[in-house]
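**Student:** Okay, here's the prediction I keep looking at, along with the sequence it came from:
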Amino acid sequence: MGSLRKTTTVIIGAGHAGLAMSKCLSDLGVDHIVLERGQVANSWCAERWDSLRLLTPNWQSRLPGYSYKGDEPNGYRSMPEVIQFISDYANFISAPVQVNTNVLKVRATEYGFKLLTSQGEWECKTLVVASGACNIPNVPKIAKNIASKLETFTPIQYRNPDQLPQGGVLVVGASATGVQLANEIHLSGRPVTLSVGEHVRVPRFYRGRDIKWWMDASGLLDESYDEIDDLRRARRVPSLQLTGSKNPIILDLNHLSSIGVKLVGRVAGMNEGSLQISGSLKNITKLADLKMDRLLDGIDEWAEKNFLNGEIGKSERFKTTNVDESPSLAIDITSGEVKTIIWATGFRPDLSWLDVPVLNHKGEIRHNGGIVEYPGMYLLGMQFLRKRKSSLIDGAGDDARFLSKHLRAYIDGSLT
């Protein structure tokens with residue numbers, strides 16, 4: 001296993017967040033190592049489906065000291081392009097990454113922290129957890145009862161429609177992942193049913209600009225965690241119903257319905273050979289429409305205040321979501337009509353290796369804007385960590401700049 005090695009700071013994870021922190025710590029002269037279980041950008045390499053593209057435009061991939069320099073600023077990166085971008089960044093900043101190093105256990109010591117890894121032990125004064133928010137699919141308990149009857153996949157296991165048996169597919173979850181997979185699988189010729197729970201509907205383009213441009217320019221993405229009334233809820237908001245395809249479309253429920261995808265409510269349970277479906281579909285879609293209009297109203301107000309009305313397209317409102325007045329309330333999974341279920345029901349981090357008393361009753365790290373409730377420990381890359389954009393590539397830089405300064409002050413003993 002090798003001898004014990006020491007450093008001031010260990011960063012766990014060499015994705016965009018961990019690398020952003022590495023750059024900031026280097027700038028501050030903090031000795032550190034970045035431990036990565038696979039290769040740089042590992043989750044992008046191994047845990048994404050083939051056709052996936054970033055939901056954010058290329059210009060929005062900004063990391064400390066580094067940004068997009070290509071000739072398609074308004075395009076959306078494919079997964080190989082994302083991997084290349086992050087790998088190039090690691091090389092650009094000369095990040096001290098140790099690859100193929102699986103962290104097995106972290107515990108607190110008098111000095112700071114001790115890490116047992118697949119490549120030996122490390123001791124450090126400060127620790128940065130940047131291992132990702134999307135390590136484990138959040139699959140409902142009823143999935144265990146279904147696995148023996150049907151083929152089931154999570155988005156981490158899914159690569160393309162060729163993996164799936166011929167026949168009907170039920171996609172559970174209608175956030176970014178669910179709507180993209182429903183669209184792709186339908187286009188492969190399979191009948192698709194989409195189970196719709198809470199979701200966030202936004203247009204890909206509004207008044208001639210990408211919705212992400214509006215959210216960035218108006219300051220919405222820079223909203224701070226300490227300005228939000230219900231932070232717990234804000235941190236659980238589903239991903240936007242968007243696609244970053246080469247020829248981007250408005251991939252909302254109306255589009256999916258128009259091409260033949262069947263919409264039903266959320267999966268509520270199982271009774272014998274049937275999935276029970278909630279009757280709340282219409283209410284859920286009304287709420288999503290209401291929130292979208294509220295967002296667009298805010299954009300219109302900001303555009304008027306900033307004298308943009310003469311430069312941009314006219315204000316518009318999109319058609320309300322059209323759903324069946326009496327959708328199916330049960331799906332028979334024994335008839336052979338449905339052959340596959342894909343659980344696009346979200347993710348959670350894998351913190352099974354963390355043996356430090358920092359987890360709440362839900363297994364989440366207790367923290368205040370990334371400053372963990374344990375001296376010397378920091379968190380990066382989570383949803384709404386410090387800003388609304390924290391989980392985006394574009395959000396890691398601001399969070400890393402702040403937290404690296406706090407870490408430096410902690411090391412120096414100068415925290416007030």
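**Tutor:** Okay, I see it. A quick note: this is a predicted structure, and the numbers were derived from the prediction, not measured. Residues are numbered from 1 along each chain as shown.
**Student:** worst-scoring helix or strand of this structure, pLDDT-wise?
**Tutor:** When each helix and strand of the chain is scored by mean pLDDT, DSSP states H and E, helix 42-46 comes last, with a mean of 79.
**Student:** Need the residues that contact it.
**Tutor:** Ala14, Gly15, Glu36, Gly38, Gln39, Met79, Val82, Ile83, Ile86, Gly132, Cys134, Asn135 (CB atoms under 8 Å, 6 or more residues apart in numbering). C-beta coordinates here come from the backbone N, C-alpha and C atoms, glycine included.
**Student:** Which elements pack onto the next helix or strand after that helix?
**Tutor:** Downstream of helix 42-46, the next assigned helix or strand under DSSP states H and E is strand 62-63. Other elements packing on strand 62-63 under the criterion 3 or more CB pairs under 8 Å, 6 or more residues apart in numbering; DSSP states H and E are helix 16-27, helix 393-412.
**Student:** Which neighbours in the sheet does strand 62-63 have, and how are they oriented?
**Tutor:** strand 66-67 (antiparallel) (DSSP bridges).
**Student:** Now do the buried residues in the following helix or strand past the partner strand.
**Tutor:** Of the helices and strands lying after strand 66-67 in sequence (DSSP H and E), the nearest is helix 79-92. Using 16 or more other CB atoms under 10 Å as the test for burial, helix 79-92 gives Met79, Glu81, Val82, Ile83, Phe85, Ile86, Ser87, Tyr89, Ala90.
**Student:** Quick check: mean pLDDT of helix 79-92?
**Tutor:** Average pLDDT, helix 79-92: 95.
**Student:** What would that helix look like as PDB? C-alpha coordinates only.
**Tutor:** Extracted in PDB, the C-alpha atoms of helix 79-92 (Å, rounded to 0.1, in the frame of the first residue of the first chain):
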ATOM      1  CA  MET A  79     -19.300  14.500 -23.900                       C
ATOM      2  CA  PRO A  80     -15.900  13.900 -25.600                       C
ATOM      3  CA  GLU A  81     -15.600  17.700 -25.900                       C
ATOM      4  CA  VAL A  82     -16.400  18.200 -22.200                       C
ATOM      5  CA  ILE A  83     -13.800  15.600 -21.300                       C
ATOM      6  CA  GLN A  84     -11.200  17.300 -23.500                       C
ATOM      7  CA  PHE A  85     -12.000  20.700 -22.000                       C
ATOM      8  CA  ILE A  86     -11.600  19.500 -18.400                       C
ATOM      9  CA  SER A  87      -8.400  17.500 -19.300                       C
ATOM     10  CA  ASP A  88      -6.900  20.500 -21.100                       C
ATOM     11  CA  TYR A  89      -7.700  22.600 -18.000                       C
ATOM     12  CA  ALA A  90      -5.900  20.100 -15.700                       C
ATOM     13  CA  ASN A  91      -2.900  20.300 -18.000                       C
ATOM     14  CA  PHE A  92      -3.100  24.100 -18.300                       C
END
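**Student:** Moving C-terminal from it, which element do we reach first?
**Tutor:** Next in line after helix 79-92, if elements are assigned by DSSP H and E, sits strand 97-98.
**Student:** Residues contacting that next one, please?
**Tutor:** Contacts of strand 97-98 (CB under 8 Å, 6+ apart): Ala14, Ser22, Ile33, Val34, Leu35, Glu36, Val40, Ala90, Gln119.
**Student:** and the helices and strands packed on strand 62-63, which is most packed in?
**Tutor:** helix 16-27 (a mean of 26; mean count of other CB atoms under 10 Å).
**Student:** Quick one: work out the angle between it and helix 393-412.
**Tutor:** Taking axes from the mean of the first three to the mean of the last three CA atoms, to 10 degrees, one finds helix 16-27 and helix 393-412 inclined to each other by 40 degrees.
**Student:** so what does the biggest strand by length in the chain touch, helix or strand wise?
**Tutor:** Counting residues, the longest strand found in the chain (DSSP state E) is strand 120-129. Contacts defined by 3+ CB pairs under 8 Å, 6+ apart place strand 120-129 against strand 5-12, strand 113-117, strand 377-379, helix 393-412.
**Student:** Switch these over to CSV; also include mean pLDDT and distance to Leu104.
**Tutor:** Output for the helices and strands packed on strand 120-129, formatted as CSV (pLDDT from 0 to 100; distance: least, CB to CB, whole Å):
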stretch, mean pLDDT, distance to Leu104
strand 5-12, 98, 11
strand 113-117, 98, 5
strand 377-379, 98, 18
helix 393-412, 97, 24
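**Student:** Please tell me how far Phe307 sits from Arg294.
**Tutor:** Per CB to CB, to the nearest Å, Phe307 is found 23 Å from Arg294.
**Student:** Next: Val139.
**Tutor:** Note on Val139: its distance to Arg294, by CB to CB, is 32 Å.
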